[in-house]
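S.K.: build me a structure from this.
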Amino acid sequence: MSLFEIQKDAFVADLKRFRSSHRHLIVDDTTYPIIEKLFSDDVLNYVYTCKKIDGERSKNRDSALYLLDPTRNHSINCLAADFSKGQRYRDAVVMLLPGPWNLFWDDLLRNEYFSNSLLIQKTPHVAEYLSFVPLEPRMFVTGNYHSIPAYFNPAKQGKNLYHYQMDMAINSMLGVCILTNEYPTIRYYNSQISKELALAFQQKLDEYYREHPDIIPMNNKTVFLITDRMMDMFGPVCHYPFYRSQIFDLMDDVEIERDVDPSAKYQYVVQTGEGNVKKTLKFNNEDPVYLELKDLTMEQATEHIRQLYSNLRAEDAKFSGKNLQTADGLRHALVNKDVHAERKALITGHYMLCENMWQMLKKEHMGDILTFENLCAAGLGPVDRIKVPVTDGLLRLLSNDGINVYNKIRLLISYAIYRHGILRSDLKKLLMFCMPEKTENAMRLFENLQSLGVYVLKADLTHPLHKKYTYFGIKDTDNQMQIYVPTFSNLISRLVYGKLPEHYNTMMQDTTGYIDEDDETLKSFPFVKAGPTPTEMDGMSTVRNQPKWKSTKNSNDASRQKLIIFCAGGLTPSELSTITSLENDLNRNIIIGTDEVYSVWDMLGDINLINDDDFDFPLKKKLEKKAVPEWLVEDSQDPAVRAAAQAKKTAAANANLPQRNGGASQSAPLPSNSEPQSPSKHHHKISFGLHGRKKSGADALSSADTVADDASIGEKKKMRGMMKKFKKFNI
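M.R.: Prediction:
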């Protein structure tokens, strides 16, 4: 099951429904990347042309299908401009992503040119299934980066941004359920943000299936778990043995771009007969070698890549020497040379990257770091036998010059969580000891973590400890590198086996903790509705409790049960691997959703500057004021009418020519407007209240439009430079 495939299938079904093979597909800056990802280079198999709404288009005026983001003011203004002086298209269909389209649709319908062009339906077709962006076969994002400041500091960043972020998350979760035809049982982490998301999502899900009684969900056993970033801040600062984890933790020259579809690249040099050649690895869904390796441990990945490299050398023989002297050998070489060259470049790149990572693992003393983090986790767990003091180990790691300063910051955070906070004076001494030049920025980071409810600081020794529950698992083992079970791995495993009671935390070693009381504040993972108790959960029993005739083999991909999880506020690549690596062991399709995927440094950078004004939120870009291209308004007019008007204007000019030659002209040319206004006054402004509630007048725009107005080009360049520095705390 791939989100790419089912999302594409749903969109193709709509294209066929609207008979789009002869329609122009008109997209904007939000929907163009979606089309590019879903169709690659075959979109013209389904539509006549595919063009951006503010770009040059075909002169053909027959029929069009608009696929637009209703939150982009510029897109809606361009749509109105298309019908400002005539019918740009005789037959138009408008498809919109989920959003506040009702705020402007009535204004558009008042334009007769536009209304008359809507031959199939007078309302927009809302494509709920396009409300999320798939990054992997079973992983999606909302595309709202810098999500931590948006969710967790609304007092500074604005309530409108907070509600917009929530609405986008709810729409994306609904889109996934619609696309996979699921009506899941919803559970949530009992925090303000997760609870608000869960309740609003449940309401929207109920409304959808109430309005579509003909749709019958295929499975009633699916569980949808909703959490947020502040549920677990120990996990993202830890280190993991996965190949994907080490790529982003060890290699300084690998960074994730902050964008809707984040891309990570690694450049390397290979020696060829023509000299040194620069190559680039892109860690995404288009690299099959990366997909094979990403969730393996470093040992497993190394063995696998070496086997691939060995097979590659054997394959090389088919493209040289005696193999080219026969017709079959030559035919094979000609047909497969491009595929072989591409795969050779990928395998060689990952082989070199793997060798570099082993050198970095030794340099950074990663074994010692993993041991320290596991012992910190053990100190927060229920097994007293494996608990040992860790302070001396911390001091040894902080004094080790081989470990870079950014790993030391992560060590200090994990130690502070383990201690339920450090005295500010003690933290400052530790920082001066290991990173004197970073002390000020690191102190600000710890203060901001404290303000977010991550108890990393203590006022003094006399005050009682503020203990925040953790939800990772603990193994009772003597192997000090395998004690810690990451939070998401632990929760998902417990959900599958029916061992996640409503009241749970790391200190609980078994399934006890179910609470019958009505006090929801005591529950850590309640149901949205009155759900079954852990002992009543149907279909969640372990293998040994199933009948003998029940097969223990993994079911095929299509028939597997699903488990869906959404984490508001982003996830790191390492956390993704802690989830996706469980699929085969648990025999489940696990669908992961979040707002963004970021590196640890991007996450800490957002927290470090959470009170700043310079975040480049996606909503700012959508609300930017852009002038509608003048030619767009002119092209809306029928060519015959425009030609007649031009001929009339030319005739009038010729009639006045003798008079102008003889003296001053009696009539001055009319000034042309740089921003022509359509009959429907097509300059729309959009604002966002909680879950799409409409606000009145100009007040509805509030802070989002104000910020967009103030963002000059110079300020944006300055901001990009500052964001580059977030990761390393060099502000």
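
S.K.: which ones are touching Ile34?
M.R.: Leu130, Val133 (CB atoms under 8 Å, 6 or more residues apart in numbering). In this view, the C-beta of every residue, glycine as well, is placed from N, C-alpha and C.

S.K.: now it: how far from Met1?
M.R.: Per CB to CB, to the nearest Å, Ile34 is found 19 Å from Met1.

S.K.: and if you look at Gln482?
M.R.: Counting by CB to CB - Gln482 and Met1 are separated by 31 Å.

S.K.: cool, Ile492 as well?
M.R.: The gap separating Ile492 from Met1 is 17 Å, by CB to CB.

S.K.: those two: who's more crowded?
M.R.: Ranked by neighbour count (other CB atoms under 10 Å), Ile492 and Met1 place Ile492 first, with 24 against 15.

S.K.: what about Lys16, neighbour count?
M.R.: Counted with other CB under 10 Å, residues neighbouring Lys16 total 11.

S.K.: list phi and psi for Ala314.
M.R.: Main-chain dihedrals, Ala314, degrees, to the nearest 10: phi -70, psi -40.

S.K.: do the same with Val176
M.R.: Per-residue torsions, Val176: phi -70, psi -40 (degrees, to the nearest 10).

S.K.: what of Leu609?
M.R.: Main-chain torsions, Leu609, degrees, to the nearest 10: phi -120, psi 30.

S.K.: what ranges does the stretch 351-500 of the chain have for its helices?
M.R.: 366-379, 391-398, 405-418, 424-434, 439-451, 487-496 (DSSP state H, counting those that start in this stretch).

S.K.: reformat these as CSV; add mean pLDDT and distance to Tyr243.
M.R.: Shown next, in CSV, are those (pLDDT from 0 to 100; distance: least, CB to CB, whole Å):
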stretch, mean pLDDT, distance to Tyr243
helix 366-379, 95, 13
helix 391-398, 96, 24
helix 405-418, 95, 18
helix 424-434, 94, 29
helix 439-451, 95, 28
helix 487-496, 95, 16
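
S.K.: for Leu205, which of those helices is the nearest?
M.R.: helix 487-496 (18.6 Å; CB to CB).

S.K.: now what about that closest one, what contacts it?
M.R.: Against helix 487-496 from outside (CB under 8 Å, 6+ apart): 187, 223, 225, 227, 231-232, 234-235, 470-473, 485, 499-500, 504, 525, 540, 563, 565, 567, 575, 578-579, 581-582, 586, 588, 590.

S.K.: how far does that helix sit from its chain's centre?
M.R.: Averaging C-alpha positions (CA atoms, centre = their mean, to the nearest Å) puts helix 487-496 22 Å from its chain's average.

S.K.: neighbouring strands of the following helix or strand past it in the sheet, and parallel or not?
M.R.: Using DSSP states H and E, the helix or strand that follows helix 487-496 in sequence is strand 561-568. Paired neighbours of strand 561-568 in the sheet (DSSP bridges): strand 223-228 (parallel), strand 588-594 (parallel).

S.K.: give the contact list for Pro526.
M.R.: Pro526 neighbours (CB under 8 Å, 6+ apart): Arg187, Tyr188, Asn190, Glu502, Glu520.

S.K.: which among those count as buried?
M.R.: Arg187, Tyr188, Asn190, Glu502 (16 or more other CB atoms under 10 Å).

S.K.: low-confidence ranges, the chain, go.
M.R.: Within the chain, the segments meeting pLDDT under 70 span 219-220, 272-273, 316-341, 509-521, 529-559, 657-731.

S.K.: and if we set it to 50?
M.R.: 335, 530-553, 660-682, 687-713, 716-731 (pLDDT under 50).

S.K.: buried sites along stretch 359-369?
M.R.: For stretch 359-369, burial by neighbour count (16+ other CB under 10 Å) applies to Leu361, Glu364, His365, Met366, Asp368, Ile369.

S.K.: please enumerate the helices of the stretch 551-700 of the chain.
M.R.: With helices called from DSSP H, counting those that start in this stretch, the stretch 551-700 of the chain shows them at 573-580, 583-586, 600-608, 618-622, 630-635, 639-662.

S.K.: turn these into TSV, including mean neighbour count and distance to His125.
M.R.: Compiled in TSV, the helices of the stretch 551-700 of the chain are given as follows (neighbours: other CB atoms under 10 Å; distance: least, CB to CB, whole Å):
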stretch	mean neighbour count	distance to His125
helix 573-580	23	33
helix 583-586	14	34
helix 600-608	24	36
helix 618-622	20	21
helix 630-635	18	23
helix 639-662	11	29
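
S.K.: redo those as TSV? Include distance to Arg385.
M.R.: What follows is those, written out as TSV (distance: least, CB to CB, whole Å):
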stretch	distance to Arg385
helix 573-580	25
helix 583-586	26
helix 600-608	31
helix 618-622	49
helix 630-635	73
helix 639-662	85
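
S.K.: so which of those helices comes closest to Pro137?
M.R.: Taking the helices of the stretch 551-700 of the chain one by one with CB to CB, helix 573-580 is closest: 9.4 Å.

S.K.: hmm, who's touching stretch 349-363?
M.R.: Under the contact criterion CB under 8 Å, 6+ apart, stretch 349-363 has outside partners 243, 246-247, 250-251, 266, 268, 270, 279, 281, 289-290, 293, 298, 301-302, 305-306, 308-309, 366-367, 402.

S.K.: in ChimeraX, how would I select just the buried ones from those?
M.R.: Per 16+ other CB under 10 Å, the buried members of the contacts of stretch 349-363 correspond to this ChimeraX selection:
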select :243,246,247,250,266,268,281,289,290,293,298,301,302,305,308,309,366
